[in-house]
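J.: one predicted model, sequence on top.
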Amino acid sequence: MQKIWKIKPSNNIDQKKLARELGVSPILAQILINRGINNSADAQKYLNCDLNDLHDPFLLKDMSLAVKRIKKAIKLKEQIVIYGDYDVDGVTSCSVLFNTLKQLNAEVSCYIPHRVDEGYGLNTQACAKIKQQGAALIITVDCGINAFEQVDYLNSVKLDVIITDHHQPADDVPRALAVINSLQKDCNYPYKNLAGVGIAYKLACALIGPEQDISVHLDLVALGTICDVALLTGENRIFVKHGLERLSQTKKIGLQALKQVAGIANRKIEAYHVGFILGPRINATGRMGSAAKALELLLSEDYAQALILAQALDAENKLRKKEEAKTLRQALAMVDREVNFKTDKAVVLHNDDWHPGVIGIVASRITERFYRPTILISTKGEIGKGSGRSIRNFHLFDTIAKCEHLLEGFGGHKKAAGLSILKDNLPEFKKLFNEIAFNCLNPEDMMPVINIDMQIPVSDLSEELINEIEKCAPFGMGNTRPLFSSVDLNLKGASRALRANSFKMWITDGKITCEALASNFSDIDINHINNGFSIVYSPAINDWQGINTLQLKLKDMKLA
């Protein structure tokens, strides 16, 4: 698929000024400028990533109301139930708040709905059961912001509700005792992109107070924030930076066991390990059914038991991978049969056999492959459950909202959303969704963009520069790893295939020669690479048997 290369404009004057003030290279200065950091004070704050730069949790609307009610419940020994979501963000949110409330001697338990049997968020049946068991207060985490009917029911049975959520609210919010969500109207909290676990951590900080340090739970906050693909800017970046350090040396028994089973017990944990190794294992049980084992693992205080739970999560993750691979094969076959890309600017597919726990991941794969907004719907029951992923310049939540009259429910944000729909409404929904996509997307919108920090000669790279770039970590959504382009390069020797669509080659710009690795380059035939090509890449240092060498990880390539 052809990609658009967008090289961010360089400003040599600002670049040199910032480099001089910070004592860094002009290249790092330009990377900071590209991220909207134009002065040395903001740059120092970004590079230092200090916990002292976190905002006061009481700036969140309704925080004082929530803290007052929770402390009353603790004092009166009332039963508190934390009601969470079944993904990593929801499970870590439950864990953070549970640990905090236990520290305050609260009578507290957790409830996470079964993905298949109950679906996402508050449901009236579960609320009735919680009331029957004698609870006086429900605190939602990572859900609840659109649960109008359920909150009205809870109010009717005199069960207080505090909502903590980070999803996009509707024009109004449920009539809960307190609603903590930085995106709601009249909330003046300075940072708007917290994950659910970030909101839960803010509530925990407010409950504990400034005199006690609960940063020990930032390992959980990093897990939830990375796995929910939250923007790694502002407070999220501070959370993740310190959380990864905590995670590398975590004292939590469950996380120790999980790292052991995943084979990364003795490694320095980076965002990659969270997003692709730890996170999928925590997610697996919630995707396939109940997240109870994942929550039990995170709260475990017995290593032998934690190891059994971690092994169970690992086995569940293998099953999830098989189900995901099967669903992807079926979805790709349906795209071939049912989608005409000349007229269809979106992909909407449904199947009775799809497991609702994996359709979100598969929708991501379809979106990546064809660069179209994609919604996959599992129609196992009378009401289909859908999950969607989007592309730039296409607001998925807003588009689904325009189809609201055809849906039983929906929620999400710009890039990802979920919905429920009656089978009978599927043809009309598919038609309307595609019409909206057709009218608002132009051909360029459906070409992926690679944002490039600078075009430089390969010979400008050095181990010192790469170490300097690492000061911008952790990398992720909103704070991507810096990318560079270099042009008019030549091969030094033959390219070597590594595995399917992946290869290694040695390149030179005439001054230096270095190794380049390409993964998933299905459009490039290594036998047809001639001199004079251009590349987009991120530079790295390859440590092989104690010897450091420069290595380029290719993101795209244009042949001469």
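T.: The structure has been received and is ready for your questions.
J.: burial of Ile139, as a residue count?
T.: Neighbour count of Ile139, defined by other C-beta atoms under 10 Å: 31. To be clear about C-beta, it is placed using only N, CA and C from the backbone, and glycine gets the same treatment.
J.: show me what contacts it?
T.: When contacts are counted by C-beta atoms under 8 Å, 6 or more residues apart in numbering, Ile139 touches 66, 70, 80-83, 97, 161-162, 164, 203.
J.: which one (most neighbours) among those residues?
T.: Highest count within these by other C-beta under 10 Å belongs to Thr164, 33 neighbours.
J.: show me what the lowest-mean-pLDDT helix or strand in the chain is packed against.
T.: Across the helices and strands of the chain, mean pLDDT, DSSP states H and E gives its lowest value to strand 496-499, namely a mean of 78. For strand 496-499, the elements it packs on are strand 502-508, judged by 3 or more C-beta pairs under 8 Å, 6 or more residues apart in numbering; DSSP states H and E.
J.: buried stuff in the strand it packs on?
T.: For strand 502-508, burial by neighbour count (16 or more other C-beta atoms under 10 Å) applies to 503, 505, 507-508.
J.: which stretches of the stretch 251-400 of the chain form helices?
T.: In the stretch 251-400 of the chain, the helices defined using DSSP state H, counting those that start in this stretch lie at 253-262, 271-273, 279-288, 292-299, 303-338, 359-370, 396-401.
J.: can I get those helices in TSV with mean neighbour count?
T.: Output for the helices of the stretch 251-400 of the chain, formatted as TSV (neighbours: other C-beta atoms under 10 Å):
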stretch	mean neighbour count
helix 253-262	22
helix 271-273	17
helix 279-288	25
helix 292-299	23
helix 303-338	16
helix 359-370	21
helix 396-401	20
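J.: show me what the least confident helix or strand of the chain pairs with in its sheet, parallel or antiparallel.
T.: Strand partners for strand 496-499, identified by DSSP bridges, are recorded as strand 502-508 (antiparallel).
J.: can I get the partner strand as PDB, trimmed to CA atoms?
T.: Provided in PDB are the C-alpha atoms of strand 502-508 (Å, rounded to 0.1, in the frame of the first residue of the first chain):
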ATOM      1  CA  SER A 502      11.100  -9.700   6.200                       C
ATOM      2  CA  PHE A 503      14.700  -9.100   5.200                       C
ATOM      3  CA  LYS A 504      18.100  -7.700   6.300                       C
ATOM      4  CA  MET A 505      20.500  -5.600   4.200                       C
ATOM      5  CA  TRP A 506      23.500  -3.500   4.500                       C
ATOM      6  CA  ILE A 507      23.200   0.100   3.300                       C
ATOM      7  CA  THR A 508      25.600   3.000   2.700                       C
END
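J.: could you number the chain from 67 rather than 1 from now on?
T.: Renumbered: residue one is now 67, and that last one reads strand 568-574.
J.: give me the mean pLDDT for it.
T.: Mean pLDDT, strand 568-574: 91.
J.: helix or strand right after that strand?
T.: strand 579-584 (DSSP states H and E).
J.: so which residues make contact with that next one?
T.: Contacts of strand 579-584 (C-beta under 8 Å, 6+ apart): 524, 527, 558, 564, 568-574, 590, 601, 603, 608, 615-620, 623.
J.: try 6 Å this time
T.: With C-beta atoms under 6 Å, 6 or more residues apart in numbering as the test, strand 579-584 has contacts from 558, 569-573, 616-620.
J.: which one of those residues is nearest to Leu170?
T.: Lys619 (46.4 Å; C-beta to C-beta).
J.: that closest one: which element?
T.: Using DSSP H and E, Lys619 falls within strand 613-624.
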